[in-house]
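Asker: take a look and give me a structure for this.
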Amino acid sequence: MVKKTGREQLVRIGVARDQVEAAVWRDMLYQHGVRVFIKNIDPLTAVPYVESTTPYSFEVFVAAADEERARWILGLSSHRDEPAVS
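Answerer: Predicted coordinates for the structure are as follows:
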């Protein structure tokens, strides 16, 4: 999935299992100078005391120019939208 902003094209590099994994990915990428946009696709994860039953609900986007580097940093496969295997 590709999103366009006013200045640069964003590419989804993966979907994190939960908020913690999304935060780890974000922090790792920020440490390497890659800007990240995380989109929460499950509205229930924002409600306190309600546990989401939808795994993989945090989409992680980076600039198209940073896609390969971001995937390498996170150890993700080169195939789009595949969650990381633990």
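
Asker: any idea which element Leu10 lies in?
Answerer: Per DSSP states H and E, Leu10 falls inside strand 9-16.

Asker: list the buried residues in the following helix or strand past that strand.
Answerer: Scanning forward in sequence from strand 9-16 by DSSP H and E, the next helix or strand is helix 19-31. Neighbour-count burial for helix 19-31, with 16 or more other Cβ atoms under 10 Å as criterion, is recorded at Gln19, Glu21, Ala22, Trp25, Arg26, Leu29. The way it works is simple: take the backbone N, C-alpha and C, and place the C-beta from them, glycine included.

Asker: now do stretch 8-19
Answerer: For stretch 8-19, the neighbour count (16+ other Cβ under 10 Å) marks Leu10, Val11, Arg12, Ile13, Gly14, Val15, Ala16, Gln19 as buried.

Asker: tell me the bridge partners for the second one.
Answerer: Beta-bridge pairing of Val11, defined through DSSP bridges, involves Val2, Val62.

Asker: right, and it touches Glu67 too?
Answerer: Yes - using Cβ atoms under 8 Å, Val11 and Glu67 qualify as a contacting pair, with a distance of 4.8 Å.

Asker: I'm done for today, thanks for sticking with me.
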